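Trainee: I'd like to go over a predicted model; first the sequence, then the structure.
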Amino acid sequence: MRSFFMIVAGFVALTTGTGAGAQTPTVPDPQAYCRTAGTADMPDQQFTPDKTPEWMVAPFVNPQYPRAIYGISWRCVGGAVLACQNAQSPSCLKANTDRTPSAAMSDFCRSNSNSQVIPRVVTGTERMLAYNWICRGTEPAIAKQTRLDAQGFVAADWRRVSPK
């Protein structure tokens with residue numbers, strides 16, 4: 001009889017959402033997820049999408065090249081959905097805000113004195129840079145800072161989206 005009660009108690013714990021077997025509730029709608037999450041750099045395990053909703057893709061479609069969508073990243077800011085097109089670059093990732101020039105940048109400037117640009121192949125392509133780098137003489141220098149949003153993403157790459 002005691003084992004029967006243990007089995008029933010275990011079943012109740014699993015089905016009522018308490019105990020070790022409880023799972024986090026899932027949310028399939030990005031808008032509902034963001035209203036709950038507030039601000040999140042990326043969806044977590046609570047979000048369970050079927051696919052990227054068409055209303056998220058539509059703002060990035062160019063009528064001349066309707067199939068030139070490379071993928072959409074999205075995140076939540078203040079309860080709203082923001083989306084970014086992954087156009088074969090790391091533009092949807094948080095920007096690299098390191099102000100220290102790399103050894104490769106220093107080498108480039110020693111060989112390309114007063115260059116008006118240090119190419120991305122030299123500065124790195126893992127993440128977008130918060131700065132445009134040039135060579136002042138033979139030293140790397142920051143020429144311009146890219147505008148970032150409060151979460152550290154390149155502001156111009158992200159759009160607020162919603163179904164109309």
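Mentor: Nice, I can see it.

Trainee: Phi and psi next, for Asp41.
Mentor: Dihedral angles of Asp41 (phi, psi; degrees, to the nearest 10) stand at phi -70, psi -30.

Trainee: Domain-wise, how is this structure divided?
Mentor: Listed by automatic domain parsing, the domain ranges of the chain are 23-92+150-161, 103-145.

Trainee: weakest of these in terms of mean pLDDT?
Mentor: For these, mean pLDDT drops lowest on domain 23-92+150-161, to a mean of 83.

Trainee: Now find how far off-centre that one is within its chain.
Mentor: Relative to its chain's centre, domain 23-92+150-161 lies at 8 Å (C-alpha atoms, centre = their mean, to the nearest Å).

Trainee: Throw the domains of the chain into a markdown table and include mean neighbour count, thanks.
Mentor: C-beta coordinates here come from the backbone N, C-alpha and C atoms, glycine included. Listed next are those as a markdown table, based on neighbours: other C-beta atoms under 10 Å:
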| stretch | mean neighbour count |
| --- | --- |
| domain 23-92+150-161 | 15 |
| domain 103-145 | 15 |
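
Trainee: so who does Pro49 touch?
Mentor: 28, 30, 43 (C-beta atoms under 8 Å, 6 or more residues apart in numbering).

Trainee: same deal with Trp55?
Mentor: For Trp55, the contact set (C-beta under 8 Å, 6+ apart) comprises 161-164.

Trainee: hmm, 10 Å instead?
Mentor: Shown in contact with Trp55 (C-beta atoms under 10 Å, 6 or more residues apart in numbering): 30-31, 81, 83, 161-164.

Trainee: among these, which are in strands?
Mentor: Under the assignment DSSP state E, the contacts of Trp55 contribute 81, 83, 161 to strands.

Trainee: Who's the closest spatial neighbour of the last one, skipping the chain neighbours?
Mentor: The shortest distance from Val161 to any residue that is not its chain neighbour, by C-beta to C-beta, 6 or more residues apart in numbering, is 4.6 Å, and that residue is Ala83.

Trainee: From Glu139, how far off is the one you found?
Mentor: Ala83 is 39 Å from Glu139, where distance means C-beta to C-beta, to the nearest Å.
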